[in-house]
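In: Take this sequence and fold it.
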Amino acid sequence: MTRPRRSAVSVQLLTQYGLDLGLSLDACLQNTGLDWRLLADPGAEVEAEQELQLVSNLLHAAGARPGLGLPLGRRYRLNSYGIWGFALLASPTFRDAAGLGLRYLDLTYAFHGMRLEENDSEVHLLLDDHDVPADVRDFLLERDLSGMLQVLRELFHRDLPILRVELNLPQPADPRPFVEEIGVLPRFGQAHNRFVFPRHLLDLPLAGAHPQAAQLCEEQCQRLLAKRSQHSGLAGRIRSLLLERPGRLPDMEQVASGLNMSSRTLRRRLDEEGSNFRLLLDEVRQALAEELLATGGLTLEEIAERLGYGEVSNFIHAFKRWNGKAPRQFQRSSGG
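Out: Numbering: from 1, shown residues only. Coordinates of the predicted model:
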């Protein structure tokens, strides 16, 4: 399964949790390919597989035990989800918030799929662990369910009444941490992960309801999800290769060689992902151009050369196409 890229905030929270458990930073980040400087960048993004490796490191170093993921979930406050969290807060009712939250679940840090089922006087929230790796499944279920409950608390400003809970977890020797977190004693060893609430909660109004703001936030969620999805898979690997050597941007033949495939295969696989090499190259050139213009210190000729343009006029024409304004106009507006 290919998961979209995600905000690095979750990696930051996981790493801090590991440090609080007595782990070293090196132990947390081992084999993740993540640099510790990323932890200070609130706008950074990571691959889901990198976060999974960090979780595996944490369990290996700290020792997997029942309930270890529960305290971590409480650290995932609603404001840590960015625009997704704002969209939920602005929703008119819990039903609206739940629908929006589930539509854009890929913008959260959950590895479990989630869905709602309405049944007479009850509503069932199911957490699907089908795509969660077995070696981290129990820990991530604890984290995801605790994080989910934290979101609900912040939406309603109180604990919600839970009728019953079923978990696909072994019966722990001491279930008290689960009771303290959930509010009821779960039934362990079940086939599904299921939370059951009174159905009438769905139509309760939310204190921060603002339908216009919710619509604007949802539009931003759509754009962000599309952007992150485009950065996954083969297209994401190509972007990384292009950004590795700014100033010496490789052509398609060189990129294909670096990926151990022919240019024909590369073109076909990008087409299957709904992308193409020229589009990716344009995106990278645009990002680098904006960065170089904003920092200042280089002439337009020097920037054009670094981006692989033979003539500065070609660079200026391309930049106008990307941004709707000339490079110098962009530079003045960005303060560069």
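In: switch to C-alpha atoms for all contacts and neighbour counts from now on
Out: Will do.
In: Determine the three-state secondary structure at His124.
Out: strand (DSSP: H, G, I helix; E, B strand; the rest coil).
In: Isn't it up against Ala98?
Out: No: using C-alpha atoms under 8 Å, His124 is not in contact with Ala98, being 11.8 Å away.
In: Which SSE is immediately downstream of the lowest-mean-pLDDT helix or strand in the chain?
Out: In the chain, no helix or strand scores lower on mean pLDDT, DSSP states H and E than helix 233-244, which sits at a mean of 71. Next along the chain after helix 233-244, taking DSSP states H and E as the criterion, comes helix 252-258.
In: Enumerate the positions of that following helix that are buried.
Out: Judged by neighbour count using 16 or more other C-alpha atoms under 10 Å, the buried positions of helix 252-258 are 252, 255-256.
In: will you turn the residues you listed into TSV that also has pLDDT?
Out: TSV is the format used below for those (pLDDT from 0 to 100):
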residue	pLDDT
Met252	87
Val255	86
Ala256	87
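In: Same list (those) but as JSON lines, adding distance to Thr15.
Out: Shown next, in JSON lines, are these (distance: C-alpha to C-alpha, whole Å):
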{"residue": "Met252", "distance to Thr15": "37"}
{"residue": "Val255", "distance to Thr15": "33"}
{"residue": "Ala256", "distance to Thr15": "35"}
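In: Just the closest of these to Arg6, please.
Out: Using C-alpha to C-alpha, Val255 comes nearest to Arg6 of those, at 24.8 Å.
In: who does the helix or strand that Val196 is a member of touch, helix- and strand-wise?
Out: Using DSSP H and E, Val196 sits in strand 193-198. Here strand 193-198 touches strand 122-128, strand 164-166, going by 3 or more C-alpha pairs under 8 Å, 6 or more residues apart in numbering; DSSP states H and E.
In: what's in contact with the next helix or strand after that strand?
Out: Going down the chain from strand 193-198, the next helix or strand is helix 211-230, by DSSP H and E. Identification of contacts with helix 211-230 by C-alpha atoms under 8 Å, 6 or more residues apart in numbering yields 3-6, 83-84, 86-92, 100, 104, 106-107, 236.
In: what about Glu166, distance to Gln16?
Out: 30 Å (C-alpha to C-alpha, to the nearest Å).
In: where along the stretch 1-150 of the chain do the helices fall?
Out: 9-20, 25-29, 48-62, 70-73, 83-90, 94-103, 137-156 (DSSP state H, counting those that start in this stretch).
In: Single out the most deeply packed of those helices.
Out: helix 83-90 (a mean of 23; mean count of other C-alpha atoms under 10 Å).
In: tell me the angle of that helix relative to helix 94-103?
Out: 170 degrees (axes from the mean of the first three to the mean of the last three C-alpha atoms, to 10 degrees).
In: Let's test this: mean pLDDT of helix 83-90, rounded?
Out: The average pLDDT within helix 83-90 is 94.
In: Please apply the same query to stretch 119-134.
Out: Stretch 119-134 shows an average pLDDT of 93 in the prediction.
In: Show me which parts of that stretch are buried, residue by residue.
Out: For stretch 119-134, a neighbour-count test (16+ other C-alpha under 10 Å) marks 122-129, 132 as buried.
In: any chance of these in JSON lines, with distance to Tyr76 too?
Out: Shown next, in JSON lines, are the buried residues of stretch 119-134 (distance: C-alpha to C-alpha, whole Å):
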{"residue": "Glu122", "distance to Tyr76": "27"}
{"residue": "Val123", "distance to Tyr76": "24"}
{"residue": "His124", "distance to Tyr76": "22"}
{"residue": "Leu125", "distance to Tyr76": "19"}
{"residue": "Leu126", "distance to Tyr76": "19"}
{"residue": "Leu127", "distance to Tyr76": "17"}
{"residue": "Asp128", "distance to Tyr76": "20"}
{"residue": "Asp129", "distance to Tyr76": "19"}
{"residue": "Val132", "distance to Tyr76": "19"}
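In: Now for the residue lying closest to Leu72 once chain neighbours are set aside: which residues touch it?
Out: Excluding the flanking residues, the one nearest Leu72 by C-alpha to C-alpha, 6 or more residues apart in numbering is Arg143, at 6.0 Å. If a contact means C-alpha under 8 Å, 6+ apart, then Arg143 has 69-73 as its contacts.
In: mind giving me JSON lines with those and columns for pLDDT and distance to Phe156?
Out: Putting the contacts of Arg143 into JSON lines (pLDDT from 0 to 100; distance: C-alpha to C-alpha, whole Å) gives the following:
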{"residue": "Gly69", "pLDDT": "97", "distance to Phe156": "23"}
{"residue": "Leu70", "pLDDT": "97", "distance to Phe156": "20"}
{"residue": "Pro71", "pLDDT": "97", "distance to Phe156": "20"}
{"residue": "Leu72", "pLDDT": "97", "distance to Phe156": "21"}
{"residue": "Gly73", "pLDDT": "96", "distance to Phe156": "17"}
